[in-house]
Structure formats: C-alpha cells, structure tokens
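Peer 1: I'll drop the sequence and a predicted model, then ask my questions.
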Amino acid sequence: MLWGALALGIFAVSVLLGFLVPVSVTSNVQARAEPSGGWAVAWGLGIGPLALTAIAAAGVTPFVTCHLFGKQLARVSLSRRAREPGASETKAAAQRAKPSRLARRAKHFIRSLDPVDTVLAWWEKERVFEVTRLVIEVEYSFRDVALTGQTLAALYVLSGVLPERYVIQQTPGWSSEDRVALVADGRFRLWPGRLVVDVLGFVLKESAKARRKAAAAGE
C-alpha cells in the first residue's frame, strides 16, 4: 500500500512538472548541394543527455543514430534496399496475418492529415512549444543570375518581417552555377506534459473530422 501511494505521488509530481517546467531542446541542420550533383544533409536533435542524429548523402546509405550521455545506443539504416525482404522473407510475410484493425486505422489517420495544417497547428503552440532562437545561414548561387538576385531580395524582405529571435544570414554567389549550402541552428523550449494532452486532443479532433467527412461522402 505504501509503495502504491509512493508511485502515485511520483507520477503526480512528474505530471505537474511536465505542465509547469519546460525542457530545453537544441537542433541543428546542415545541407549542401554542389554543381557536380553531390549533396549531403545532416540533422541533429538534443534533449538533455539524449541526442538523435540523421545523415544522408549521395552514395551513402542514410542512417539514424541515438546517443545517451555520448554513448551510442542504436543505429538504424534508412536504406530502402536494406529493408527489401528476400524471397524467403517475402513468402513468410505473405503467410502472416493481415494488419490489425488498430494498425489500419492509424495508417488511415496519418494519411488523412494535411501536412500544412499539421505544421501550422504545432509551430509555436502557445505554452507547448516555443522557439527561443533560430539562426539560418544560407549560401547560394544559380546559373540564372536573375534568380540569384530575386532570392537575395526575397530573403531580405523575409528577414525584415520575422521576429528578432529569427535570424537569416545569407551569402549570395554570382558564379553562374547551381550551388546551395544551408546551416540552421535552433534553440527551443518544450512543455512535455502539455504536449501529451495537446496531442491527444489533436488526435481526437482529427478523428472526429475524418468521421464527419466519411459520413458526408456516404450521403
């Protein structure tokens, strides 16, 4: 009885802290594309001692790694070829039971989401997710010099309307060749408890919306 009360108390304190205390999140993205056709993209996310990284490049198998206190816990290949099953695996998979009803519903729910609406719904959600600093450094040049000039003007206009915590630093090139390099470094705050509640509310709202659309289509 004592252990149950203690566990319940710890759970209650954890939920309260999740609502009141934000977690600091850092993220860094680097991307480069060269006129030769070579390209590379690297992404990193850090939450306290936990770090996730993803790397993809021309001629290199994309992969994701997870580190805890600097020690690698897992490395997962994202190569489509690596995931392709062999003949025996294909036969075994064909003999398996069909996906569960829950899996089918989850897949249908994800497909029904509008990516733009989803991003806008979660970007800087009040008291759930907050951007404290985002610095973007971009270097670019295009074979069409006029396009380089238009990009330069557009980024200057965008820099003028964004809040101070968003910084865009650009270096245009006039070498008449297609070349792009991007570095984005961000600092964020996240309220995990509120995020869990908000996610549940979002899922329920989208599910209800999908049911209404299905009912309207069936009429």
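Peer 2: Everything's here; your move. Numbering: from 1, shown residues only.
Peer 1: For residue 66, give me the pLDDT.
Peer 2: Listed pLDDT for residue 66 reads 91.
Peer 1: Am I right that it sits in a helix?
Peer 2: No. Going by DSSP: H, G, I helix; E, B strand; the rest coil, the assignment for residue 66 is strand, not a helix.
Peer 1: for the protein, what spans make up the helices?
Peer 2: Using DSSP state H, the helices of the chain run over 2-20, 80-83, 87-95, 101-112, 115-122, 145-161, 192-218.
Peer 1: Enumerate every residue touching residue 37.
Peer 2: residue 58 (C-beta atoms under 8 Å, 6 or more residues apart in numbering). Using the backbone N, CA and C atoms, a C-beta is placed for each residue, glycine as well.
Peer 1: Phi and psi next, for it.
Peer 2: Backbone torsions of residue 37, given as degrees, to the nearest 10, read phi 100, psi -10.
Peer 1: do you know how far it is from residue 56?
Peer 2: Using C-beta to C-beta, to the nearest Å, one obtains 15 Å as the distance from residue 37 to residue 56.
Peer 1: Is residue 139 bridged to anything, and to what?
Peer 2: Beta-bridge pairing for residue 139 (DSSP bridges): residue 171, residue 181.
Peer 1: That one touches residue 170, doesn't it?
Peer 2: Yes. If you go by C-beta atoms under 8 Å, residue 139 and residue 170 touch, sitting 7.5 Å apart.
Peer 1: quick one: residue 152 from residue 144, how far?
Peer 2: 13 Å.
Peer 1: With residue 128 instead?
Peer 2: Between residue 128 and residue 144 the distance is 42 Å, computed by C-beta to C-beta.
Peer 1: same deal with residue 180?
Peer 2: For residue 180, the distance to residue 144 equals 14 Å [C-beta to C-beta].
Peer 1: if we can go back for a sec, between residue 128 and residue 144, which is the more surrounded one?
Peer 2: Here residue 128 and residue 144 are compared on neighbour count by other C-beta atoms under 10 Å; more neighbours surround residue 128, at 19 against 11.
Peer 1: show me the contacts for residue 179.
Peer 2: Residues in contact with residue 179, defined by C-beta under 8 Å, 6+ apart, are 33, 34, 35, 139, 140, 141, 173.
Peer 1: neighbours of the second one, just the number please.
Peer 2: To tie it back to what came earlier, the one meant is residue 34. Residue 34: 14 neighbours (other C-beta under 10 Å).
Peer 1: Give me the nearest residue to it, chain neighbours excluded.
Peer 2: residue 179 (6.2 Å; C-beta to C-beta, 6 or more residues apart in numbering).
Peer 1: and the one you found, what pLDDT?
Peer 2: Per-residue confidence (pLDDT) for residue 179: 90.
Peer 1: do residue 185 as well
Peer 2: At residue 185, the predicted lDDT confidence score is 95.
Peer 1: go on, residue 35?
Peer 2: Per-residue pLDDT puts residue 35 at 86.
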